[in-house]
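S.K.: structure for this input, please:
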Amino acid sequence: RLMRCFTLSCVLEMDTTPESYLDLFPLEAIVYLTPDSENVLEDIEPDKVYVLGGLVDESIHKELTLRRAREQSLRTARLPIREYMVKAPNSRNYHSETLAINQVFDVLSTYYETRSWPAALRAGVSSGKGYVLPDTAEQ
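M.R.: Below you'll find the model as predicted:
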């Protein structure tokens, strides 16, 4: 099975390898990002490695990434969507904190550059997810 590892550095370089993150980094350095975590990602720590779960089918695989992280004894975190965004009224009453990998990467890279969760979430969370920043909720 081919695993891809990506690291975020000061110049936002991306390195890939077929090796598992479990073989490359100490368990205590790994933070597995999953929308099902109880822990909120408050900051990006330079000595941590952030793993993006990679599953986006929230109905069939609910909590699969959280279970996988727990099986591997990894620390987990979720993006602070609930903490900074509000549910937007919409005709389908649809609200989801599950993002695609590219959206999570956009959030993380924007946060890394700006140190602003509102700016980062604006960059990565599309309005189709049903969440907006409070200042745009009325629009």
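
S.K.: how much space separates the spatially most central residue of the chain from residue 66?
M.R.: Central residue of the chain (Cα atoms, centre = their mean): residue 104, 4.4 Å from the mean position. Per Cβ to Cβ, to the nearest Å, residue 104 is found 15 Å from residue 66. Where you see a C-beta, it was placed from the backbone N, CA and C, and this is true even at glycine.

S.K.: cool, and residue 16?
M.R.: Noted for residue 16: a distance of 25 Å to residue 66, by Cβ to Cβ.

S.K.: who's more crowded, those two?
M.R.: Between residue 16 and residue 66, counted using other Cβ atoms under 10 Å, the more crowded position is residue 66 (18 against 11).

S.K.: for the more buried one, which three-state class applies?
M.R.: What DSSP: H, G, I helix; E, B strand; the rest coil gives for residue 66 is helix.

S.K.: number of nearby residues for the residue lying closest to it once chain neighbours are set aside?
M.R.: Excluding the flanking residues, the one nearest residue 66 by Cβ to Cβ, 6 or more residues apart in numbering is residue 36, at 4.0 Å. Residues contacting residue 36 under the criterion other Cβ under 10 Å number 17.

S.K.: what's the burial count for the residue lying closest to the residue nearest to the centre of the chain once chain neighbours are set aside?
M.R.: Once flanking residues are discounted, residue 104 sits nearest to residue 52: 5.2 Å by Cβ to Cβ, 6+ apart. By the criterion of other Cβ under 10 Å, residue 52 has 19 neighbours.
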